[in-house]
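**Student:** sharing a model prediction with you, sequence too.
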Amino acid sequence: MRLNLRSTLALLAAPAVIVVVGCGGRVSASDANAAASLAIHAAAASIDTNRTTRYTATLANGEPANVEWSVSGGDDRAGAGTISPDGIYTPPSYLTADKVTVQVNAVLTSSAGQLLPPSNSAELTVTPGFVQPLSPENLSIGPGGTATISGSMTEVGGTGGIRFALASDVSGTPSTAGALSSPHCIRGSVSGVNPAYTVCSVTYTAPTTVLNSASVYILGSVASNPTLSWTRVLLNASGISSSPAAHQARLAVPVPLGSSSGSNVDYDAAQGQLSDCCGGTLGALLQDSSGTQFVLSNNHVFARSDQAIPGETVIQPGLIDNGCTPYGVGPGTTPVATLTGYPALSSPTTNVDAAIARVTPGLVDPRGNILELGAKQPDGTLAAAPPGTSSTSGKGETASLGMMVAKSGRTTGLTCAAVSAIDVDVVVDYFTDCAESAHAMTKTFTNQIAIAGSNFSDAGDSGALVVDSANAEPVGLFFAGGTDTNGVEHAIANPVADVLTDLDAQVPAPNGQATSYSFMGGADHPVSCLSYDDAKSSEETGAFALTAAERERVEAALPQAQLLLNPGNGIARVGITASKDRPGTGAIAFYVEPGNSAQTFASVSAQLPAFIGGVATVVLPANGQSAEPAASSITPLPRAASLSQILAVKQRVAPALLKSSPAFFGVGVGQSLDNPNDAALVVFVDRRKFTGILPAALESVGAQRIRLIAMDRLHVTRSHGSLDRPGTRSIGSCFSARHTDAAATGDINLLDRDTQPLFDPAPNP
């Protein structure tokens with residue numbers, strides 16, 4: 001995913017207006033003159049500067065009132081904010097005090113638009129929000145190691161700051177694993193002497209002993225806001241120290257791969273001023289048949305989604321890490337390559353999101369070294385190293401289900417996770433601008449790779465090379481992704497074989513002759529994997545309450561399931577549970593004695609049917625005679641026969657499914673969470689549009705397992721805003737979707753309004 005920064009270039013006396021579209025309408029009262037009073041209803045009594053909230057008005061008889069809205073009061077410099085005709089209030093983009101009070105006023109209007117008595121007003125408290133999430137958003141340190149975490153808040157002046165807390169989870173459960181220093185804050189200043197906003201930092205010190213790798217969280221909160229931002233710290237028992245900050249810096253030449261990069265003209269401009277900029281990752285080094293070297297990344301990173309002309313400059317770091325200051329306008333970047341060409345996304349024959357740029361001699365590491373892909377060094381950091389190419393002559397490997405893979409990207413650094421689905425067809429949206437306000441095209445990719453894991457990727461990692469962690473051989477090119485309703489991140493990558501094939505076919509050598517591209521690298525070698533997945537992944541919990549009707553449906557199939565009880569064969573008991581593949585639906589649980597080996601458990605569970613009486617079955621290990629769930633699950637790979645069967649089903653149903661409804665935007669083949677011995681048809685559904693009813697395209701699947709993953713629709717850029725110091729040009733850092741609202745107020749978060757549910761009854765946890 002390409003990362004973008006959004007700035008509002010407003011003056012102190014005239015703050016920027018952020019427009020929220022599609023938030024509902026207004027209903028006029030049938031008889032306004034019958035009312036003797038007017039009541040105002042607010043979604044929230046207090047919000048921060050990154051949220052909007054909705055106001056409605058009713059007459060004394062309870063009917064909706066047609067009113068004219070206005071706001072007053074607010075911040076002495078930034079003003080009161082704005083309110084739309086439909087009652088959507090947007091606060092100013094910054095404050096000069098710790099909190100301000102805004103008066104929201106409503107005056108009744110007639111059907112002709114004339115102002116009528118009565119009128120009313122309500123008070124709203126506005127507090128500063130985050131300018132950016134805590135940075136870095138993830139890192140790894142060993143026993144006794146230290147790390148500094150920082151964040152910014154939208155306060156210019158005042159006395160406020162960010163509160164930091166050490167927790168074992170994002171819910172705020174206190175942790176004693178290490179210690180935090182006292183926060184240090186530099187107050188933002190209207191005079192411009194200090195940073196644009198208040199910047200606070202804290203130092204975390206890890207425990208001196210770390211027996212088993214585990215995560216802790218540094219939580220940040222502003223004032224009394226329920227909004228949290230967090231950094232996930234992996235306490236690494238192996239003593240590995242890793243931070244994405246090194247990937248975002250301007251690096252000495254020749255620059256290594258896995259670092260921040262992008263087109264020098266990948267920005268949005270309005271009235272002669274920059275308003276947004278984008279960037280991604282230098283993925284890998286290629287060479288053609290003549291030995292000429294090229295850097296590889298995504299089309300949407302280097303070529304601006306088909307808009308670029310060969311010859312444009314590729315820089316390191318990308319504009320997102322240099323305050324949106326292009327090379328030639330100001331310092332901070334190095335021009336490292338020149339765009340050569342790209343398979344056009346608009347072409348129906350293109351099945352990849354890729355582009356290459358010819359290396360400027362001496363400016364990119366000629367061995368193809370990628371940050372942190374090498375061995376652990378004496379100080380705990382990971383060395384840069386090239387990908388492995390010795391066993392495939394630079395052509396890469398084919399991904400397989402369950403393969404552990406690694407990537408080194410601009411935003412999350414070095415991370416590892418398992419391939420969760422193969423042969424994935426996905427529908428992806430592209431935009432012509434960084435702010436994603438101008439839709440360019442919707443493209444369907446086939447035979448893609450899906451990778452699921454906590455903190456595996458985020459916006460700005462677009463273009464990162466995905467490698468087999470066992471030997472560092474290239475596997476895929478990361479280009480899109482998102483987070484599901486359980487908080488699990490799903491990355492989508494182009495298979496490297498398709499990348500090389502499309503480049504060979506559509507991007508000739510600089511001399512115009514046909515050529516063949518291959519990866520630059522060295523001897524195959526293992527990668528020191530950093531995996532942020534907990535032992536109990538949120539993807540595997542499936543803890544959803546069942547409705548009474550659903551429970552009755554499952555109970556009806558229970559007698560048939562009890563016929564399969566066979567303690568001598570390891571089936572200890574049966575019960576009712578929730579399906580992990582189909583959230584919200586029930587399942588019959590078979591508790592199986594694991595025996596002396598995983599093979600014994602797999603053999604028993606493989607004999608159980610996928611469905612009984614139309615109800616899915618779930619296989620769980622049990623402990624001894626108590627038949628209680630075991631502490632850890634045994635998760636083998638699906639049986640070969642089951643995998644082949646689901647692959648055939650996917651090929652048959654995918655085209656019709658993706659055309660049946662906008663609620664379905666991806667389908668592939670993965671592993672059932674209900675019974676890991678079985679493969680499942682993995683279907684990605686839009687959590688805002690999915691009704692819970694499967695379309696006719698899936699009716700022919702029959703007794704095969706279907707696993708639903710609910711998330712926002714995939715697209716290559718997730719918008720991230722950044723608020724500029726009013727009246728200046730510099731843009732600061734970027735937003736990420738790494739925060740949560742602990743109180744359901746019904747308002748809209750402007751930090752990530754492109755990815756968070758608006759009025760979703762079941763928002764992201």
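**Tutor:** Here it is on my side, so go on. Residues are numbered from 1 along each chain as shown.

**Student:** contacts and neighbour counts: CA atoms only from here.
**Tutor:** Noted.

**Student:** ok, residue 495 touching residue 448?
**Tutor:** Yes: between residue 495 and residue 448 there is a contact at 6.2 Å, judged by CA atoms under 8 Å.

**Student:** I figured residue 110 hits residue 65, correct?
**Tutor:** No: Residue 110 lies out of contact with residue 65 (CA under 8 Å); the separation is 9.6 Å.

**Student:** burial count for the residue nearest to residue 427 when sequence neighbours are not counted?
**Tutor:** Distance criterion CA to CA, 6 or more residues apart in numbering; nearest residue to residue 427, sequence neighbours excluded, is residue 444 at 4.4 Å. Number of residues near residue 444 (other CA atoms under 10 Å) recorded here: 18.

**Student:** which strand or helix spans residue 444?
**Tutor:** strand 439-452 (DSSP states H and E).

**Student:** and that strand, which strands flank it?
**Tutor:** strand 413-431 (antiparallel), strand 489-495 (antiparallel) (DSSP bridges).

**Student:** can I get these in CSV with mean pLDDT?
**Tutor:** Formatted as CSV, these follow (pLDDT from 0 to 100):
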stretch, mean pLDDT
strand 413-431, 95
strand 489-495, 95
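
**Student:** before we move on, back to that, need the residues touching each of residue 495 and residue 448.
**Tutor:** The contact sets of residue 495 and residue 448 do not overlap (CA atoms under 8 Å, 6 or more residues apart in numbering).

**Student:** picking that back up, surely the residue nearest to residue 427 touches residue 353?
**Tutor:** No: counting by CA under 8 Å, residue 444 does not reach residue 353; the two are 11.1 Å apart.

**Student:** contacting residues around the residue nearest the centre of the chain?
**Tutor:** Compute the mean C-alpha point of the chain, and by CA atoms, centre = their mean the closest residue is residue 482, 4.0 Å away. By CA under 8 Å, 6+ apart, the contact list for residue 482 reads 458, 489-491, 711-714.

**Student:** out of those, which end up buried?
**Tutor:** For the contacts of residue 482, a burial check counting by 16 or more other CA atoms under 10 Å picks out 458, 489-491, 711-714.

**Student:** how about residue 559, phi and psi?
**Tutor:** Dihedral angles of residue 559 (phi, psi; degrees, to the nearest 10) stand at phi -60, psi -40.

**Student:** measure it to residue 289 for me?
**Tutor:** Computed as CA to CA, to the nearest Å, the residue 559 to residue 289 distance reads 67 Å.

**Student:** how far away from the center of its chain is the stretch of helix or strand residue 301 belongs to?
**Tutor:** Element membership for residue 301, per DSSP H and E: helix 299-302. Distance of helix 299-302 from the chain centroid (CA atoms, centre = their mean, to the nearest Å) equals 18 Å.

**Student:** now swap in stretch 217-226 and tell me
**Tutor:** With CA atoms, centre = their mean, you get 20 Å for stretch 217-226.

**Student:** in PDB, list the C-alpha atoms belonging to that stretch.
**Tutor:** Only the C-alpha atoms of stretch 217-226 are listed here, as PDB (Å, rounded to 0.1, in the frame of the first residue of the first chain):
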ATOM      1  CA  TYR A 217       2.100  -2.000  24.100                       C
ATOM      2  CA  ILE A 218       2.900   1.600  24.700                       C
ATOM      3  CA  LEU A 219      -0.400   3.400  24.800                       C
ATOM      4  CA  GLY A 220      -0.800   7.100  24.200                       C
ATOM      5  CA  SER A 221      -3.800   9.200  25.000                       C
ATOM      6  CA  VAL A 222      -4.600  12.900  24.800                       C
ATOM      7  CA  ALA A 223      -6.500  14.800  27.500                       C
ATOM      8  CA  SER A 224      -9.800  13.000  28.300                       C
ATOM      9  CA  ASN A 225     -10.200  11.700  24.800                       C
ATOM     10  CA  PRO A 226     -11.200   8.000  24.400                       C
END
